[in-house]
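> missing the sequence, but the structure's below:
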């Protein structure tokens, strides 16, 4: 079989892999993307699975991080078929008693809603939004650039001052429950912050959960929770179209099963079909860290300490998802649920803590917290007029054996939670499609065990500790090999930063200062992973 040679191979056509490939093509590189599945997109895909005519986003669906990401914005995907659309309301947390905390498109409307929970909470929300707007640009630059983000951090400190910088550092470590208690008198603001924090896997009483809730809530108030018109897959299609227009290539059904390493340098890859592809410059891996280091590379090519550190790698909580085709809009008891693209439900303020505790002890929550998507509300093209394409997902513990009976029981728990806030929901269902954690992994090998964020978002696996203690950068101990997935800083979410950072690192390593960069990276890796025992 003939051996092909390209400048770079990107392993995986998820959003990070496609962003990386686009960045390299823009620099004039000859780039080949190899994808194991039969279609590109990774966890950004759409299909008719619940019923004919009802388009369902199989994995991710709403994209505040993409809309706010300077990486995605800089690709100008609107020139390649992407159009963002919005629901009338961004998000609502509906309670069993009929109340709802509502994140509206206008901050003043959100504030008015929160004022109904407690006097003064509206002004507190507006103050939070004002502070966000003051630091948004340098903060997002700092979040989405390689660690340490020196330039953007300096810009951020200039705006904040020393005292403000200390406050921001405190926010980064604050539990979301404490942030809510300090910021609001009533439950409404806390419901919005904590519900958004629960999109990640950090418990609401744990350090670091506050910044997740605050970031998503502020992005929701700023750019909304938009969706691609026509389905999440349109976002992937736009990334592919841009790549192909620039001369790049994507090949599907092409699983990479080995990265070739010679003399501590990545020189190519081998596919499961036996094809070898050589690279002149780099291999970028949009796969999880355990897959890269334990399946694609011979252990002898890696420092022994890195291999051992992977034993401590922690996955995020698995996801269980149900998709529905409804013959009518969702019959919410609360007016706040109508018109919201995303709805949080199933628990009140105390219930968040109960769910987190149950997950941490391996118990399936009997009253789960649900994230519910009303896709036709956000994008009328998703289903016939007068109907709704809907889904909900919840987090479940690791270690569950998802038998047919266990799957049915979890679907029942989820539908009971919906029925409490939308009586008559079951009567509207004309189609149902279930995705257990095992189903998610089968559809995308990067969703190991149903974990969708490439590893826990807890503070012990962030920054220079992600995916294992090291540089916190896309460079690996193997020259010419870069980690471009959500297992790398800054982690999960469709924002493209891991892929963009990996591409920038690859370009730098091949540039005029490349030799010095490679030597520095290798020296730092050797010091960090030095094993005195020599084992």
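Arrived safely. These figures come from a predicted structure and were not determined experimentally.

> leaving out sequence neighbours, find the closest residue to residue 25.
residue 246 (3.9 Å; Cβ to Cβ, 6 or more residues apart in numbering). Every residue, glycine included, has its C-beta placed from N, CA and C.

> for residue 4, phi and psi?
Here is the backbone geometry of residue 4 (degrees, to the nearest 10): phi -90, psi 150.

> neighbours of it, how many?
Residue 4 is surrounded by 14 other residues when neighbours are defined as other Cβ atoms under 10 Å.

> show the contacting residues for it.
Residues counted as contacts of residue 4 (Cβ atoms under 8 Å, 6 or more residues apart in numbering) are 32, 275-278.

> ok, of those, which come out buried?
Judged by neighbour count, with 16 or more other Cβ atoms under 10 Å as the criterion, the buried members of the contacts of residue 4 are 32, 275-277.

> could I get the residues you listed as a markdown table with pLDDT?
A markdown table is the format used below for the buried ones among the contacts of residue 4 (pLDDT from 0 to 100):
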| residue | pLDDT |
| --- | --- |
| 32 | 98 |
| 275 | 95 |
| 276 | 96 |
| 277 | 97 |
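
> in CSV, list these along with secondary structure.
As requested, the buried ones among the contacts of residue 4 are arranged in CSV below (DSSP: H, G, I helix; E, B strand; the rest coil):
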residue, secondary structure
32, strand
275, coil
276, strand
277, strand
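
> show me which of these is closest to residue 163.
Each of the buried ones among the contacts of residue 4 was checked against residue 163 using Cβ to Cβ; the closest is residue 32, at 50.4 Å.

> can you list the domains in the protein?
The chain breaks down by automatic domain parsing into domains covering 4-36+254-313+453-528, 85-228+315-443.

> and residue 384, how far is that from residue 109?
30 Å (Cβ to Cβ, to the nearest Å).

> actually residue 344, sorry about that
Relative to residue 109, residue 344 is positioned 18 Å away (Cβ to Cβ).

> which strand or helix spans the closest residue to residue 149 other than its chain neighbours?
Distance criterion Cβ to Cβ, 6+ apart; nearest residue to residue 149, sequence neighbours excluded, is residue 142 at 4.2 Å. Counting by DSSP states H and E, the secondary-structure element that holds residue 142 is helix 121-143.

> list the buried residues for that helix?
Buried positions in helix 121-143, judged by neighbour count with 16+ other Cβ under 10 Å: 121-122, 124-126, 128-129, 131-132, 135-136, 138-143.

> what residues does that helix touch?
When contacts are taken as Cβ under 8 Å, 6+ apart, the neighbours of helix 121-143 outside the stretch itself are 68-70, 107-108, 110-115, 149, 151-153, 155-156, 159-160, 168, 183-186, 188-189, 214-215, 218, 221-222, 490, 497.

> what pLDDT, on average, does it get?
Computed over helix 121-143, the mean pLDDT rounds to 92.

> and the next element down the chain from that helix?
Criterion used, DSSP H and E; the element after helix 121-143 is helix 150-173.

> any idea of the pLDDT on residue 426?
On the pLDDT scale, residue 426 is placed at 97.

> span of stretch 301-314 from start to end?
The separation between the terminal residues of stretch 301-314, taken as Cα to Cα, to the nearest Å, is 23 Å.

> the domains of the chain: which one's closest to residue 239?
Put simply, out of those the one that sits nearest residue 239 is domain 4-36+254-313+453-528, at 3.9 Å, with distance taken as Cβ to Cβ.

> among the contacts of helix 121-143, name the buried ones.
Buried positions within the contacts of helix 121-143, assessed by neighbour count (16+ other Cβ under 10 Å), are 68-70, 107, 110-111, 113-115, 149, 152-153, 155-156, 160, 168, 183-184, 186, 188-189, 214-215, 218, 221-222, 490, 497.

> next step: the residues you listed restricted to helices.
Cross-referencing the buried ones among the contacts of helix 121-143 against helices under DSSP state H gives 68, 70, 107, 110-111, 113-115, 152-153, 155-156, 160, 168, 183, 188-189, 214-215, 218, 221-222, 497.

> so residue 9 sits in a strand?
Yes. Applying three-state DSSP, one finds residue 9 inside a strand.

> surely it and residue 276 touch.
No. Using Cβ atoms under 8 Å, residue 9 is not in contact with residue 276; the gap is 10.7 Å.

> find residues that contact each of these two.
When Cβ under 8 Å, 6+ apart defines a contact, the residues bordering residue 9 and residue 276 alike are 268-269.

> would you mind measuring from the closest residue in space to residue 29 that isn't next to it in sequence to residue 279?
Closest residue to residue 29 apart from its sequence neighbours, by Cβ to Cβ, 6+ apart: residue 7 at 4.0 Å. Using Cβ to Cβ, one gets 7 Å for the distance from residue 7 to residue 279.

> of these two, which one has the most company?
Under the criterion of other Cβ under 10 Å, the comparison of residue 7 against residue 279 puts residue 279 first, with 25 against 18.

> contact partners for residue 474?
Listed by Cβ under 8 Å, 6+ apart, the contact partners of residue 474 are 146, 284, 482-484, 488, 498, 501-502, 505.

> quick one, phi/psi of it?
phi -70, psi -20.

> could you report the neighbour count for the closest residue to residue 397 other than its chain neighbours?
In space, residue 397 comes closest to residue 362 once its chain neighbours are excluded; the distance is 4.6 Å by Cβ to Cβ, 6+ apart. Residue 362 is surrounded by 11 other residues when neighbours are defined as other Cβ under 10 Å.

> pLDDT wise, what is residue 112 at?
Model confidence at residue 112 (pLDDT) stands at 98.

> let the chain start at 406 from now.
In the new numbering, first residue 406, that becomes residue 517.
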